[in-house]
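>>> This is a predicted model, with the sequence first.
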Amino acid sequence: QVEQLSRRLGEVDERLVTLHTELEGHELERVGLDEQLGAERAHLAELEAQQEAAREQRVQWQVEAAQVEARLAAARERAARAAADAGQARRQGIALAEEMATLDRETAALETQASQWEDAVQERRHALGALQAAAEGAGTEVQEADGRLVEAEAALDEARKGLDALGADEHKLELERTEILGRKRGLVDRVETEWRKPLDQLLAEAPEVAGDIPWLRQENERLRTAIDAVGPVNALAVEEHAEEVKRLEFLSTQRDDLLAARQSLQQAAREIDQTAKAMFLESFGKVRENFRTVFQTLFGGGECDVRLANEDDPLGSEIEIHAAPHGKRTQRIHLLSSGERTLVAVSLLFAIFLAKPSPFCLLDEVDAPLDDSNVGRYVRLLAEFKDQTQFVVITHNPRTMQAADAVYGVTMQEPGVSTIVGVRLGQVEAV
């Protein structure tokens, strides 16, 4: 972004130089036009003086005068435009100067911000693992329930489609049956109307007719064609429809059960998150107070703090550690020396011990970057906690070894053969 501003500043400078050049050119043009205007006016006066002596050329001179006036108007217009351009150039120059000042201020602000960003580092710490694992498990169950719900809804959609298809077939058959029955009733009514007798009586009284009746044959063919057009009838359609209805009810019940299970799991996840948040904030507050106490003990004063980067989401928030040893300003721990960073880490470790004591702790060469005075503070802190916690310390520092109750070492008296030697300093006895 700074490079873009620098390029923008260069473009502004080039534009300013161009405007100055154009302004000088317009000024020279205006001077030339003024001189030309004076010459034309003198010429016009000379023409007026010779007007009486050259009346025969009156028309010609009038034309020339009109041409001169036209050139004069054009010159005046160019001069006005040049003056307007000059004013605009001056205004643009002022605006560009203001923009350059703004860009300078923005550049300074960006450089300051970039410096702050270079000093920033993010550290993240996840707490309350068991509760978070439970929350993740609940989330997994919710996802599985969602998957089963999707499958159930898909099956329900398939059942609905099958039910709709059966309903459509049933409706189509019913319509065709109604149409055939209607044609049959119409035929019976027509026969009974013609003969003024019921069809059953007519059939009983009708004599046998030899040969074919064309009309009956045509009607018979038409009815057969209509029946063939209907196609085969599914005799199990009603039973299949009933089965699909039962399956639809079963899938609907399953879907409702899955929805209820999902809501229950979501509620459980929310309750777990709330419980985890409350427990984390309680533990975080204790660790925060203990951290300040232990820090001041190790450093002999100073200030420190642990903060949540996002207080609205404590479980997912980063944890910032700020420390200010005695005589220094508060800053991020990555700006401290290696020894100071070690003491800050030890302070935080023992602050956690005070909040939730542990019966066992392993420290691997923690005192390596410490000078003698800080090693003394480190040893005194271990002595304060050794009644509550057993410490196994890996070290090469003699002062740390002197403070131990028992020292274990590995020696190699013979090449390739290691021997473990232990000494209880209180009894000065080899184990």
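Looks like it arrived, so ask away.
>>> which residue ranges form the strands in the protein?
For the chain, strands defined by DSSP state E occupy the ranges 303-308, 319-324, 331-332, 360-364, 390-394, 406-414, 417-424, 429-430.
>>> And those strands: which comes nearest R41?
strand 331-332 (79.6 Å; C-beta to C-beta). C-beta: built from backbone N, CA, C; applies to glycine.
>>> rewinding a little: least reliable of the strands of the chain by average pLDDT, please.
Looking at the strands of the chain, the lowest mean pLDDT belongs to strand 429-430 (a mean of 44).
>>> domains of the chain?
As assigned by automatic domain parsing, the chain contains the domains 2-119, 129-274, 361-367+383-431.
>>> Go through the strands of the chain and name the closest to T178.
Between the strands of the chain, strand 303-308 lies closest to T178; by C-beta to C-beta that is 75.4 Å.
>>> Show which residues not belonging to that closest one make contact with it.
For strand 303-308, contacts defined as C-beta atoms under 8 Å, 6 or more residues apart in numbering pick out 284, 287-288, 291-292, 295-296, 314, 317-324, 330, 344, 347-348.
>>> Show me just the buried residues among the residues you listed.
Buried members of the contacts of strand 303-308, scored by 16 or more other C-beta atoms under 10 Å, are 284, 287-288, 291-292, 295, 314, 317, 319-321, 323-324, 344, 347-348.
>>> Can you give me every residue that contacts Q402?
L425.
>>> just the one 4 residues further on next, same as before
Taking C-beta under 8 Å, 6+ apart as the contact definition, A406 lies against G422, V423, R424, L425, V431.
>>> With distance to R15 added, can I get the residues you listed in a markdown table?
What follows is the contacts of A406, written out as a markdown table (distance: C-beta to C-beta, whole Å):
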| residue | distance to R15 |
| --- | --- |
| G422 | 83 |
| V423 | 83 |
| R424 | 85 |
| L425 | 81 |
| V431 | 86 |
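>>> which of those residues lies closest to A79?
L425 (104.7 Å).
>>> Touching, that closest one and Y408? I think so.
No. Using C-beta atoms under 8 Å as the test, L425 is too far from Y408 to be in contact (11.5 Å).
>>> returning to that earlier point: can you redo the strands of the chain as CSV with distance to Q263?
As requested, these are arranged in CSV below (distance: least, C-beta to C-beta, whole Å):
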stretch, distance to Q263
strand 303-308, 31
strand 319-324, 33
strand 331-332, 44
strand 360-364, 44
strand 390-394, 48
strand 406-414, 58
strand 417-424, 61
strand 429-430, 67
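>>> related to what we said a few turns ago, now for the contacts of A406: which two are most distant?
Longest span within the contacts of A406, C-beta to C-beta: L425 and V431, 11.7 Å.
>>> follow-up on the earlier one: between the contacts of A406, which sits nearest R8?
Looking across the contacts of A406 and measuring by C-beta to C-beta, the closest to R8 is L425, at 71.5 Å.
>>> neighbours of the closest one, just the number please.
Residues near L425, counting by other C-beta atoms under 10 Å, number 13.
>>> now, which of the contacts of strand 303-308 lie within helices?
F284, V287, R288, F291, R292, F295, Q296, V344, S347, L348 (DSSP state H).
>>> got the contact list for the second one?
Read that as V287. V306, L348, A351, I352, L354, A355.
>>> State the pLDDT value of it.
V287 is given a pLDDT of 91.
>>> again, but for Q116
58.
>>> neighbours of the residue lying closest to Q36 once chain neighbours are set aside, just the number please.
Nearest non-adjacent residue to Q36, counting by C-beta to C-beta, 6 or more residues apart in numbering: A75, 6.2 Å away. By other C-beta under 10 Å, 18 other residues sit near A75.
>>> what do you get for M279?
Around M279 there are 13 residues (other C-beta under 10 Å).
>>> Likewise for A97?
12.
>>> what does D372 give?
By other C-beta under 10 Å, neighbour count at D372 equals 8.
>>> most surrounded residue in the contacts of A406?
Neighbour max across those (other C-beta under 10 Å) = V423, 16 neighbours.
>>> Test my guess that it contacts V407.
Yes. Between V423 and V407 there is a contact at 4.8 Å, judged by C-beta under 8 Å.
>>> K328 reaches H322, doesn't it?
No. With contact defined as C-beta under 8 Å, K328 and H322 do not form a contacting pair (11.5 Å).
>>> what's the pLDDT at R55?
57.
>>> shaky segments in the stretch 251-400 of the chain?
The stretch 251-400 of the chain contains residues with pLDDT under 70 at 330-332.
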